[in-house]
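Student: Take a look and give me a structure for this.
(chains A and B)
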Amino acid sequence: QKEVEQDPGPLSVPEGAIVSLNCTYSNSAFQYFMWYRQYSRKGPELLMYTYSSGNKEDGRFTAQVDKSSKYISLFIRDSQPSDSATYLCAALAGAGSYQLTFGKGTKLSVIP
Amino acid sequence: DAGVTQSPTHLIKTRGQHVTLRCSPISGHKSVSWYQQVLGQGPQFIFQYYEKEERGRGNFPDRFSARQFPNYSSELNVNALLLGDSALYLCASSLGDRDNSPLHFGNGTRLTVT
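Tutor: Below you'll find the model as predicted:
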């Protein structure tokens, strides 16, 4: 079992839809959770960074972490064609561990 | 401000050869990490360096090595290339002063081994 599981999709939605992207993890030591967006032929771009459980909002993006169920979510409101990319969730234990563990990524297409 | 820069952007090598990939971190960042991303997968951790010292190593063979220079730039070296080493190699930099410093990635070097 991989430490971070993510449905690779692909996921296709119409412009303006609310998108929900999800990951689960198995390592209880993970404390920090990130979402990266990766366009084709580019490196991952940090979108959201959260610590422990709770919600964090930034514009159209909301990240949620539920440590009790080991579940990570990213919501995108009013999705735009420019949101079409692969979204990667990642987790970090901290406490002397510097290794980010990534999911496989979910490929999202927003159709105009 | 310039982001993380990596060179070269693309590289084609033959099995058994050696390759050196280079990375310049964001100004002010003292830590550099290397990740390997195979097509269709998430990035896999290879190394992290902070202040020229190795701070972490992933599950990669000894054919992979790296170093960090006094100006905080870094090199990743891979010896005796195998077909399975074909991947996008990503460099990320961070302030590095805390173990939870966010990583900022470059656009990678795409290595093809034939």
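Student: Show me where chain B has its strands.
Tutor: B:5-7, B:10-13, B:19-24, B:31-37, B:44-50, B:53-57, B:64-68, B:74-78, B:87-94, B:104-105, B:109-113 (DSSP state E).
Student: Reformat the ones you listed as a markdown table; add distance to chain A.
Tutor: The way it works is simple: take the backbone N, C-alpha and C, and place the C-beta from them, glycine included. Formatted as a markdown table, the strands of chain B follow (distance: least, C-beta to the nearest C-beta, whole Å):
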| stretch | distance to chain A |
| --- | --- |
| strand B:5-7 | 8 |
| strand B:10-13 | 10 |
| strand B:19-24 | 11 |
| strand B:31-37 | 7 |
| strand B:44-50 | 4 |
| strand B:53-57 | 4 |
| strand B:64-68 | 13 |
| strand B:74-78 | 14 |
| strand B:87-94 | 6 |
| strand B:104-105 | 4 |
| strand B:109-113 | 8 |
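Student: These: lowest mean pLDDT?
Tutor: Among the strands of chain B, strand B:53-57 has the lowest mean pLDDT, at a mean of 91.
Student: angle of that one against strand B:64-68?
Tutor: Counting by axes from the mean of the first three to the mean of the last three C-alpha atoms, to 10 degrees, strand B:53-57 points 140 degrees away from the direction of strand B:64-68.
Student: Quick one: list the elements packing against strand B:53-57.
Tutor: The elements that strand B:53-57 packs onto, with contact taken as 3 or more C-beta pairs under 8 Å, 6 or more residues apart in numbering or on different chains; DSSP states H and E, are strand B:44-50.
Student: circling back to that earlier point, JSON lines please, covering the strands of chain B and showing mean neighbour count and distance to A:Cys89.
Tutor: Converted to JSON lines, these look like this (neighbours: other C-beta atoms under 10 Å in any protein chain shown; distance: least, C-beta to C-beta, whole Å):
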{"stretch": "strand B:5-7", "mean neighbour count": "16", "distance to A:Cys89": "23"}
{"stretch": "strand B:10-13", "mean neighbour count": "13", "distance to A:Cys89": "28"}
{"stretch": "strand B:19-24", "mean neighbour count": "19", "distance to A:Cys89": "24"}
{"stretch": "strand B:31-37", "mean neighbour count": "26", "distance to A:Cys89": "14"}
{"stretch": "strand B:44-50", "mean neighbour count": "23", "distance to A:Cys89": "15"}
{"stretch": "strand B:53-57", "mean neighbour count": "14", "distance to A:Cys89": "20"}
{"stretch": "strand B:64-68", "mean neighbour count": "18", "distance to A:Cys89": "25"}
{"stretch": "strand B:74-78", "mean neighbour count": "20", "distance to A:Cys89": "25"}
{"stretch": "strand B:87-94", "mean neighbour count": "25", "distance to A:Cys89": "16"}
{"stretch": "strand B:104-105", "mean neighbour count": "22", "distance to A:Cys89": "15"}
{"stretch": "strand B:109-113", "mean neighbour count": "18", "distance to A:Cys89": "23"}
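Student: That concludes my questions; thank you for your assistance.
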